[in-house]
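In: Any chance you could fold what I've pasted below:
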Amino acid sequence: MVKILRGVVHGRTIELEAEPGIEEGRLVEVVLRSKSLPGPPPGWRPGGTETAAGMMAAHWTEEDDRILAEIERERHRPSTREIPE
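Out: Model prediction:
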């Protein structure tokens, strides 16, 4: 039997929105799938040390800026080439 029920997690307990229709004590298999993304972790803020950029901010140099600018220029260069006749 396959039945899809929705519920709310409370620690190790899942409170179902409807009766499962299965007798008490029956062994079941549960597949969990979240209905929404969990969102950012508590205390997260843009530019904070929780982000990769925030963690590297103290170590970033002008050379790093130059390298990234060069990569960006290369990305926008035409990738086509002349075919010899």
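
In: for V8, helix, strand, or coil?
Out: Under the three-state scheme (DSSP: H, G, I helix; E, B strand; the rest coil), V8 adopts strand.

In: element containing the closest residue in space to it that isn't next to it in sequence?
Out: Distance criterion C-beta to C-beta, 6 or more residues apart in numbering; nearest residue to V8, sequence neighbours excluded, is E15 at 5.0 Å. C-betas here are computed from N, CA, C, even on glycine. If you go by DSSP states H and E, E15 is part of strand 13-16.

In: Helix or strand next in line after that strand, which one?
Out: helix 52-56.

In: quick check: mean pLDDT across that following helix?
Out: Mean per-residue pLDDT for helix 52-56: 74.

In: Now that helix - C-alpha only, CSV.
Out: Taking C-alpha atoms only, helix 52-56 is exported to CSV below (Å, rounded to 0.1, in the frame of the first residue of the first chain):
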residue,chain,number,x,y,z
ALA,A,52,32.6,32.1,1.4
ALA,A,53,33.2,35.8,0.5
GLY,A,54,32.9,36.8,4.1
MET,A,55,35.4,34.2,5.2
MET,A,56,37.9,35.4,2.6
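
In: Give me the next element, helix or strand, following that helix.
Out: Helix 52-56 is succeeded, C-terminally, by helix 62-76 (DSSP H and E).

In: and that next one, what's its mean pLDDT?
Out: If you average the pLDDT over helix 62-76, you get 92.
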